[in-house]
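1. Give me coordinates for this.
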Amino acid sequence: MTDEFPKNLWYMAAWSDEIGEALFARRLFDQPILFYRLSHGEVAALSDRCPHRFAPLSLGVRAGDSVQCPYHGLTFGADGACIRNPFADKIPRNATVRTWPVRERDGIVWLWAGDEATPDEDAIPDFSMLFNDNPPLTGYMAMNANYEFGTDNLMDLSHIEFVHKGSFAGNGVIFAGDHEIRDDGEVLHSNWWMPDVNAPPHTQGVYPADLKTDHWLDMSWRAPASMQLAVGATPTTRPREEGIVNEQAHILTPETRTTTHYFWASSRPPGPINDEADAFVRSILERAFSDEDKPIIEAAFANLGGESFESQKPVSLGVDTGGVLARRKIRSLIENEMAGAE
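-> Got it, this is the predicted structure:
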């Protein structure tokens, strides 16, 4: 891992259902990592690089809970130790691969990127709000941009009015709302409150379209880039607790300095699962993320021509303060880790 990414944090590696018995490769923070599910159900994570001639272990084969390299047949256990050398009884010195601590929670496989022997399990982001009677809808999008550009986009939802005209643009309600930034230390909040507006799309089928509601968009961020969005509405002047809330996860994990894994999820309403409604919601979200967010984020990142974001002295509009603060917190984490390593 380079000094461009903070280390002592949990990064989302995959949705739980992405990882099974088959060898599964994914590059995270510029490190090739191999994942597979052990016979007892837990997930193993090893560096996806044989120490002999650096072939990807993910191209090899499983031997029980071990993995055989496809190049010369060295076999490694889930603990990273070489357990078989097909050419001699002696195991070569230093024939080990790095292992990574992983934990599963809320249908997410989290990977601890630090060097600490005992990772901080209390620091695993909580996404239990996605679950009610039903599991959430989940998705994934690859993005050709630095992950912090995705954070900028999500922490500044004013872009909805311009970018999402084909999906869930607010028809001007953002401009009638109030924006608040709150810094709670480890968690940043970027919230919009829009009173007395027509019922937003997520209430369709429950509220009449012309019902006046108080509408909110509450976004919270935790390093490196785990974000929770609560999209809520309640009849005007009624308590939030009486309203309809859609909970969303937006979790960004750097693949490299210039590419990102974008994981998303959306809560389902309670009650029987409606396949038609699921398909509609998925189509709207995929259109918003893949056809609307992705092109502008990638174009903006490419337009820097390899220059750093800060060096270009970006103009501030105030509504983008959340992304600015998140960037500062990431820089601070990296600087503190570098200072501690000296």
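2. tell me, what residue is most central in this protein?
-> I251 (1.8 Å; Cα atoms, centre = their mean).
3. Tell me where the stretch 201-342 of the chain has strands.
-> 212-222, 226-235, 244-254, 260-266 (DSSP state E, counting those that start in this stretch).
4. With mean pLDDT and distance to N191 as extra columns, can I get the ones you listed in CSV?
-> Every residue, glycine included, has its C-beta placed from N, CA and C. Compiled in CSV, the strands of the stretch 201-342 of the chain are given as follows (pLDDT from 0 to 100; distance: least, Cβ to Cβ, whole Å):
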stretch, mean pLDDT, distance to N191
strand 212-222, 96, 5
strand 226-235, 97, 9
strand 244-254, 97, 13
strand 260-266, 98, 19
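5. how about the residue nearest to the centre of the chain, what does it touch?
-> By Cβ atoms under 8 Å, 6 or more residues apart in numbering, the residues touching I251 are M12, I108, P125, A225, S226, M227, Y262, F263, W264.
6. Could you report the neighbour count for G73?
-> Using other Cβ atoms under 10 Å, G73 has 15 neighbouring residues.
7. Give the helix, strand or coil label for it.
-> coil (DSSP: H, G, I helix; E, B strand; the rest coil).
8. From K329, how far off is it?
-> 46 Å (Cβ to Cβ, to the nearest Å).
9. go on, R238?
-> R238 is 36 Å from K329, by Cβ to Cβ.
10. Those two: which has the busier surroundings?
-> Neighbour totals were compared for R238 and K329, and K329 leads with 19 against 12 (other Cβ under 10 Å).
11. Could you measure from the more buried one over to I91?
-> In terms of Cβ to Cβ, K329 sits 44 Å off from I91.
12. Repeat that for R222.
-> The gap separating R222 from I91 is 41 Å, by Cβ to Cβ.
13. for H189, same thing?
-> 52 Å.
14. With D214 instead?
-> The gap separating D214 from I91 is 66 Å, by Cβ to Cβ.
15. Would you mind telling me which of these two has more residues around it?
-> The residue with more neighbours, out of D214 and I91, is D214; 19 against 15, by other Cβ under 10 Å.
16. low pLDDT regions in the stretch 201-342 of the chain?
-> Low-confidence segments of the stretch 201-342 of the chain (pLDDT under 70): 341-342.
17. returning to what we had before: reformat the contacts of I251 as TSV; add neighbour count and distance to T256.
-> Below are the contacts of I251 laid out as TSV (neighbours: other Cβ atoms under 10 Å; distance: Cβ to Cβ, whole Å):
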residue	neighbour count	distance to T256
M12	21	16
I108	23	21
P125	20	22
A225	24	14
S226	26	19
M227	23	21
Y262	24	14
F263	21	16
W264	21	20
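18. Of those, which pair is most distant in space?
-> Spatially, the most separated pair among the contacts of I251 is P125 and Y262, at 15.5 Å (Cβ to Cβ).
19. P92 contacts C82, correct?
-> Yes: counting by Cβ atoms under 8 Å, P92 does reach C82; the two are 6.9 Å apart.
20. any residues in contact with both of the two?
-> Common neighbours of P92 and C82 (Cβ under 8 Å, 6+ apart) are L74.
21. Looking at the two, which one has more neighbours?
-> C82 (21 against 13).
22. Sweet, I'm off.
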